[in-house]
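In: Quick one: sequence plus predicted model below, questions after.
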Amino acid sequence: AQSVTQPDIHITVSEGASLELRCNYSYGATPYLFWYVQSPGQGLQLLLKYFSGDTLVQGIKGFEAEFKRSQSSFNLRKPSVHWSDAAEYFCAVGSNTNAGKSTFGDGTTLTVKP
Amino acid sequence: KAGVTQTPRYLIKTRGQQVTLSCSPISGHRSVSWYQQTPGQGLQFLFEYFSETQRNKGNFPGRFSGRQFSNSRSEMNVSTLELGDSALYLCASSDGDSSRVYGYTFGSGTRLTVV
């Protein structure tokens, strides 16, 4: 069965510092991978997605992620964090066999220090 | 394009009651999925509808049901509410026929509190 692990429950970074959020997946075939962001009391917003091609993908709000098959990872990065980036971030994998279903990690809460 | 609209935003219900939540997907999106989000269990898949047909269902009891109309609007129903049903219910619509490639556009959710 597919699964997603986000090892860090909570991360704190200073404004202007770089950010990397970790995501590891378990999947039998080429995965469809996503990162979403959720602000308090809101739905999730798609940041970026990967399913083939260049392993470094660019998303919205200055985020990027790198797919590493050998490490089963899809880590999210941002070179310089802004206070408005404080939110919860979810990594997800889409299913090849169950259309319309994605499996989400437990999320990483990002706090940004001034 | 208007986003995914979920109504109502907040609901308070009593144990044993039933509730219906509504979701209007982005115009042109035919796939609608529902998720339950709780602090303890995270995001859990409830079911997915495509062109009025339920294609997939998660591991939830039969008290949780849904449907999709010809205009792609979807409703989910929870009968005989339990305290553990308190959660944020999220609707997500997808372009094409599968979210696995395109990802989701989520609504803001319905916050259900069962007392």
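Out: Good, I have the coordinates. Numbering: from 1, shown residues only, chains lettered A, B, ... in the order given.
In: Any idea how many residues pack against residue 32?
Out: Going with chain A. Using other C-beta atoms under 10 Å in any protein chain shown, the number of residues around A:Tyr32 comes to 22. (C-beta placed from N, C-alpha, C; glycine too.)
In: look at chain B instead
Out: Burial of B:Val32 is recorded as 29 neighbouring residues (other C-beta under 10 Å).
In: quick one: the residue lying closest to it once chain neighbours are set aside from chain A, how far?
Out: Excluding the flanking residues, the one nearest B:Val32 by C-beta to C-beta, 6 or more residues apart in numbering or on different chains is B:Ser74, at 4.2 Å. Look at B:Ser74 and chain A: by C-beta to the nearest C-beta, to the nearest Å, they are 12 Å apart.
In: For B:Ser74, give its distance to B:Ser22.
Out: Applying C-beta to C-beta, to the nearest Å, the value for B:Ser74 to B:Ser22 is 8 Å.
In: Between the two, which has more neighbouring residues?
Out: A direct count of neighbours by other C-beta under 10 Å for B:Ser74 and B:Ser22 places B:Ser74 higher, at 25 against 15.
In: dump the residue contacts of that one.
Out: By C-beta atoms under 8 Å, 6 or more residues apart in numbering or on different chains, the residues touching B:Ser74 are B:22-23, B:25, B:32, B:34, B:49, B:66-68, B:91.
In: Low-confidence regions, chain A specifically.
Out: In the predicted model of chain A, residues A:96, A:98-99 satisfy pLDDT under 70.
In: List, one by one, the residues from it near chain B.
Out: Residues of chain A found near chain B (C-beta under 8 Å from any C-beta of the partner chain) are A:32, A:34, A:36, A:41-46, A:49, A:51, A:90, A:94-96, A:98-107.
In: so can I have JSON lines of the contacts of B:Ser74 showing secondary structure, pLDDT and distance to A:Ala65?
Out: What follows is the contacts of B:Ser74, written out as JSON lines (DSSP: H, G, I helix; E, B strand; the rest coil; pLDDT from 0 to 100; distance: C-beta to C-beta, whole Å):
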{"residue": "B:Ser22", "secondary structure": "strand", "pLDDT": "98", "distance to A:Ala65": "33"}
{"residue": "B:Cys23", "secondary structure": "strand", "pLDDT": "98", "distance to A:Ala65": "28"}
{"residue": "B:Pro25", "secondary structure": "coil", "pLDDT": "95", "distance to A:Ala65": "26"}
{"residue": "B:Val32", "secondary structure": "strand", "pLDDT": "93", "distance to A:Ala65": "26"}
{"residue": "B:Trp34", "secondary structure": "strand", "pLDDT": "96", "distance to A:Ala65": "26"}
{"residue": "B:Tyr49", "secondary structure": "strand", "pLDDT": "92", "distance to A:Ala65": "29"}
{"residue": "B:Gly66", "secondary structure": "strand", "pLDDT": "97", "distance to A:Ala65": "32"}
{"residue": "B:Arg67", "secondary structure": "strand", "pLDDT": "97", "distance to A:Ala65": "36"}
{"residue": "B:Gln68", "secondary structure": "strand", "pLDDT": "97", "distance to A:Ala65": "32"}
{"residue": "B:Cys91", "secondary structure": "strand", "pLDDT": "96", "distance to A:Ala65": "25"}
